[in-house]
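> Here's my sequence, what's the structure:
(chains A, B, C and D)
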2 protein chains.
Amino acid sequence: MTGPRPRPADRPSRGRQRASHSIEAVLTAAVALLDEAGEQALTLRALAGRLGTGVGSIYWYVSGKDELLDRAIDHVLGGVLSAVQVQVRSDDPIDDLRTMAVTLFDAIVDRPWLGTQFMRNIADRGNSLRLYEALGEQTLRLDLTPKQRFHAVSAVVGVVVGSAADLGQEPPEEVLDGAVGRDEFLGRYAEMWRELDAGEYPFMHEIVDEFDGHDDKEQFLAALELTLAGLRLQAGA
Amino acid sequence: MTGPRPRPADRPSRGRQRASHSIEAVLTAAVALLDEAGEQALTLRALAGRLGTGVGSIYWYVSGKDELLDRAIDHVLGGVLSAVQVQVRSDDPIDDLRTMAVTLFDAIVDRPWLGTQFMRNIADRGNSLRLYEALGEQTLRLDLTPKQRFHAVSAVVGVVVGSAADLGQEPPEEVLDGAVGRDEFLGRYAEMWRELDAGEYPFMHEIVDEFDGHDDKEQFLAALELTLAGLRLQAGA
DNA sequence: TTCCATTGTCGAACATCGTTCTATGTTCGG
DNA sequence: CCGAACATAGAACGATGTTCGACAATGGAA
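Numbering: from 1, shown residues only, chains lettered A, B, ... in the order given. Model (predicted):
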């Protein structure tokens, strides 16, 4: 037994001395990889290559890929939190709730990989917890029971996550290459649906024109509006 | 050039002769693996082992792991669809919408791996499309524009997916072993939150008791109720 | 019957990934 | 100037998805 070597990734990085790579450099590079080519592009070897180091070095800053992803998410969520906190508060808590949810959604549109992995952190310490708190504080201004407030926030988060899950799934590489535009990509589905039997699929025929060339954000806003309307009703405002 | 060997996974399995394994056997085994130990347990080698065949054989029925997952999902969604279609229709389309959404949610509770991967298929042909249609047909009975109907269904699906995303993330292995109960697991978070600064996190303190020992289904139902209330308002019913 | 294309089966081999381990360099307080 | 802590680097390992070529079984055509 050699005695437990001080497990890396534990110590709070006391003094940084002359480290050519800080943890922030690692996270920034990781986020860059995710932004450029999606979740599957975040490879320890690719990350090491970009940093100009070896794979093993990354394990000094991070206990493994899971923590790497967690911290990368927390990293970008820091920016989202700042954006949310900067926003002015109106006198309508529900309006503020909407504003904050939209900010969160926009961040996920910019970084689709956030959508799938967004739920990893919630409940843990960190920026996701602070975001949750920021949303929740708006419900404190509503006439609700604690349980209703809890449910309200999880409902709003659920709408964001549910809408973001749509965006999270990577297009089949054709559109990422730019060979096929996203509109054309969606158009193929629309065309497929138009060919469905009209008697068996009345609803699909009803909405296929809406789907064709639809706007993800408008779709999200509509869903958000429904739960906010329900919430306003519940709060008796 | 040997001439393109007939790519498997293409042909519609004309006659099955004496095949010891049909595609359904493959899918059933895949679902069994997923049910028993979650998404990471579905390995081509594990699947081959369970089927008593070699890895290569699976590629005859399926083009790769992606299609395997897609078809496994569609396979179980078939059961969900049946359950949904069997349900009696009330005279209130929104009540029916709720019933169907709950059925879908319950299926995901039974199979948490469905939660994360649920969005893979939607929009494609298959049972997810039929489920989408079944939900949508309820909105045809409401006084809405086509666009509103489209948004309504995607909102309901979003609530289900958003709530299911909570369940999808596997607990950190301690609770899967049974060493730690799920309640105790959640309790740890509650305790962590209770230690947060009361001035900085007023909302977390407000809802920590609700979170401790909370019921996922109740949480989902509350979120669903909010969007359904908003929908009812929109339909002017 | 004989032949051959089709329909399947099988597992070795390959590339890639996350992770571990060990060897080595660097820094700084004593 | 030395040793402990800090930090880097990359070979090696096991697991995974996928490819490939060899091979068996089947069934109709010759």
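> contacting residues around stretch A:44-62?
Outside stretch A:44-62, the residues that touch it by C-beta atoms under 8 Å, 6 or more residues apart in numbering or on different chains are A:8-9, A:21, A:23, A:25-26, A:29-30, A:32-33, A:65, A:68, A:71. C-beta here means a position set from N, CA and C on the backbone, and glycine is covered the same way.
> any idea which of the residues you listed has the most stuff around it?
A:A30 (26 neighbours; other C-beta atoms under 10 Å in any protein chain shown).
> A:I73 is in contact with that one, correct?
No: the pair A:A30 / A:I73 is not scored as a contact, 9.8 Å apart, by C-beta atoms under 8 Å.
> Pass me the low-pLDDT residue ranges in chain A, would you?
By pLDDT under 70, the low-scoring segments of chain A are A:1-20, A:170-178, A:237.
> State the number of residues packed around the residue in it that DNA strand D sits nearest to.
Nearest residue of chain A to DNA strand D, counting by C-beta to the nearest atom of the strand: A:G56, 1.8 Å away. For A:G56, the neighbour count with other C-beta under 10 Å is 9.
> Now do the SS call for it.
For A:G56, the assignment made with DSSP: H, G, I helix; E, B strand; the rest coil gives helix.
> Equivalent analysis for A:R89, please.
Under three-state DSSP, A:R89 comes out as coil.
> how many neighbours does it have?
A count of nearby residues for A:R89, using other C-beta under 10 Å, gives 12.
> Next, count neighbours for the nearest residue to it once chain neighbours are set aside.
Excluding the flanking residues, the one nearest A:R89 by C-beta to C-beta, 6 or more residues apart in numbering or on different chains is A:D96, at 5.6 Å. Neighbourhood size, A:D96 [other C-beta under 10 Å]: 20.
> right, and A:D96 touches A:V84 too?
No: at 9.7 Å, A:D96 does not count as touching A:V84 under the criterion of C-beta under 8 Å.
> distance between stretch A:57-72 and the chain's centre?
19 Å (C-alpha atoms, centre = their mean, to the nearest Å).
> actually stretch A:62-76, not the one I wrote
So, by C-alpha atoms, centre = their mean, the centroid of stretch A:62-76 is 14 Å from its chain's centroid.
> is that stretch anywhere near DNA strand D?
No: Stretch A:62-76 lies apart from DNA strand D when judged by C-beta under 7 Å from any atom of the strand; the minimum separation is 10.7 Å.
> in terms of contact, does A:P112 touch A:L167 like I think?
Yes: here A:P112 reaches A:L167: they are 4.9 Å apart, a contact under C-beta under 8 Å.
> Contact partners for the residue nearest to A:G78 when sequence neighbours are not counted?
Nearest residue to A:G78, sequence neighbours excluded (C-beta to C-beta, 6+ apart): A:N127, at 4.9 Å. Listed by C-beta under 8 Å, 6+ apart, the contact set of A:N127 reads A:D74, A:L77, A:G78, A:V80, A:L81.
> Of these, grab the buried ones for ChimeraX.
Typed into ChimeraX, the next command selects the buried ones out of the contacts of A:N127 (criterion: 16 or more other C-beta atoms under 10 Å in any protein chain shown):
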select /A:74,77,80,81
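> which one of the contacts of A:N127 is nearest DNA strand C?
Nearest to DNA strand C, judged by C-beta to the nearest atom of the strand, of the contacts of A:N127 is A:D74 at 17.0 Å.
> and the helix or strand where the closest one lies, C-alpha only, in CSV?
Using DSSP states H and E, A:D74 maps to helix A:65-86. Output of helix A:65-86 as CSV, limited to C-alpha atoms (Å, rounded to 0.1, in the frame of the first residue of the first chain):
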residue,chain,number,x,y,z
LYS,A,65,-15.4,13.0,-17.9
ASP,A,66,-18.5,13.3,-15.8
GLU,A,67,-17.1,16.0,-13.6
LEU,A,68,-15.7,17.6,-16.7
LEU,A,69,-19.1,17.9,-18.2
ASP,A,70,-20.7,19.0,-15.0
ARG,A,71,-18.2,21.8,-14.5
ALA,A,72,-18.4,22.8,-18.2
ILE,A,73,-22.1,23.1,-17.8
ASP,A,74,-21.8,25.1,-14.6
HIS,A,75,-19.2,27.3,-16.4
VAL,A,76,-21.6,28.4,-19.1
LEU,A,77,-24.5,28.5,-16.6
GLY,A,78,-22.5,31.2,-14.8
GLY,A,79,-23.0,33.4,-17.8
VAL,A,80,-26.7,32.7,-18.0
LEU,A,81,-27.1,33.4,-14.3
SER,A,82,-25.4,36.8,-14.8
ALA,A,83,-27.7,37.6,-17.6
VAL,A,84,-30.7,36.7,-15.5
GLN,A,85,-29.5,38.7,-12.5
VAL,A,86,-28.9,41.8,-14.6
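> count of neighbours near the nearest residue to A:A235 once chain neighbours are set aside?
Using C-beta to C-beta, 6+ apart and skipping the chain neighbours, the partner closest in space to A:A235 is A:L142 (4.2 Å). A count of nearby residues for A:L142, using other C-beta under 10 Å, gives 19.
> do the same with A:L34
A:L34: 22 neighbours (other C-beta under 10 Å).
> before we move on, what about the one 5 residues further on?
Using other C-beta under 10 Å, A:E39 is surrounded by 16 other residues.
> ok, now how distant is it from A:G126?
Using C-beta to C-beta, to the nearest Å, A:E39 is found at 20 Å from A:G126.
> For chain A, just list every one of the helices.
Assigned by DSSP state H, chain A shows helices spanning A:23-37, A:44-51, A:55-61, A:65-86, A:93-110, A:112-117, A:127-139, A:146-168, A:182-194, A:202-211, A:216-235.
> and among those helices, the most buried is which?
Stretch with highest mean neighbour count among the helices of chain A: helix A:146-168 (a mean of 24; mean count of other C-beta atoms under 10 Å in any protein chain shown).
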